[in-house]
Each structure stands twice: as structure tokens, then as C-alpha cells.
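K.L.:
sequence and predicted model, in that order:
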Amino acid sequence: VQLQASGGGLVQAGASLKLSCAASGRTFSSYGMAWFRQAPGKEREFVAAITYATYYADSVKGRFTISRDNAKNTLLLQMNSLKPEDTAVYYCAARGTWSSGYGAASSYAYWGQGTQVTVSS
């Protein structure tokens, strides 16, 4: 599967952004999907995942919402109440399982190219 992330930008603190990840292939609905992010000088970190359920990092819980549209082969991330510490490159990722380990970057075989999100204070 090939992934293409989009929707990033420069916003002020408190604003909202919606990221999209377009996926190729006819088996999109069978993939476990996730968003990760990486800030300068930091390791890539888990943001949110979706399988039968949705999972969030504590830092974004209540502000971000992950969803998917299987008919359109699209993964979404609605980000509200953005904070400067949300500034990072955001990556969508896919794996061919819905098993445990959704928060580990190493469990995902497919990655999008990343989209920059910058939140100014």
C-alpha cells in the first residue's frame, strides 16, 4: 500500500487542522492505520491508531480524532485546540494486522511521506 499525507500547515495556538492520508490499493479496510509525529531532535512518537477501536496518546486525547473512510481509502486526523508542542512532521502509517502493538512505529510496514504541522504561540 502507498500512502500520501496532506493537510499540514502553519496555524496559531488554539486553531484546528485536519490531516488526510490517501492510500492506494483495494485492501485498505484490512489495514491497521495510525498517525505518528516527529519533532526536530526528537524520536518519532505515536499519536493515534484505528482498528476495531481508536487509540490515542495521552498528549492528544480529547483534542485529536482519528477516523477512516474505507470507501475513499482515506485516513483522517482532526486536530483541535492545537498547542505549540504539537509542532512536528506528521506521518500516516499502515500495517497488515489489527493485533496489539498499535503504538510501536516498528510494527508498521508502510509510511507516508509526512506533512508539516507548525503551531505558533
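P.N.:
Arrived safely, thanks for sending.

K.L.:
tell me where the model's unsure across this structure.
P.N.:
Judged against pLDDT under 70, the chain has no low-scoring part.

K.L.:
what bridges to the spatially most central residue of it?
P.N.:
Nearest to the geometric centre of the chain sits Trp35, at 2.1 Å (CA atoms, centre = their mean). Per DSSP bridges, the residues bridged to Trp35 are Ala48, Cys92.

K.L.:
can you pull the contacts of it?
P.N.:
Leu19, Cys21, Val47, Ala48, Ala49, Ile66, Leu75, Leu77, Tyr90, Tyr91, Cys92, Ala93 (CB atoms under 8 Å, 6 or more residues apart in numbering). Glycine gets a C-beta too; all of them are placed from N, C-alpha and C.

K.L.:
not counting its neighbours along the chain, what's nearest the residue located most distally from the centre of the chain?
P.N.:
Most distant from the centre of the chain: Ser121, at 22.4 Å, with distances by CA atoms, centre = their mean. Excluding its sequence neighbours, the residue lying closest to Ser121 (CB to CB, 6 or more residues apart in numbering) is Pro84, at 4.7 Å.

K.L.:
do I have it right that that neighbour meets Ala15?
P.N.:
No - Pro84 lies out of contact with Ala15 (CB atoms under 8 Å); the separation is 11.4 Å.

K.L.:
more neighbours: which of the two?
P.N.:
Higher neighbour count among Pro84 and Ala15: Ala15, with 14 against 11, using other CB atoms under 10 Å.

K.L.:
just the CA trace of whichever strand or helix holds Ala5, in PDB.
P.N.:
Counting by DSSP states H and E, the element that carries Ala5 is strand 3-6. Taking Å, rounded to 0.1, in the frame of the first residue of the first chain, the C-alpha atoms of strand 3-6 are listed here in PDB:
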ATOM      1  CA  LEU A   3       0.300   6.400   1.500                       C
ATOM      2  CA  GLN A   4       0.200  10.200   0.800                       C
ATOM      3  CA  ALA A   5      -0.300  12.500   3.700                       C
ATOM      4  CA  SER A   6      -1.600  16.100   3.300                       C
END
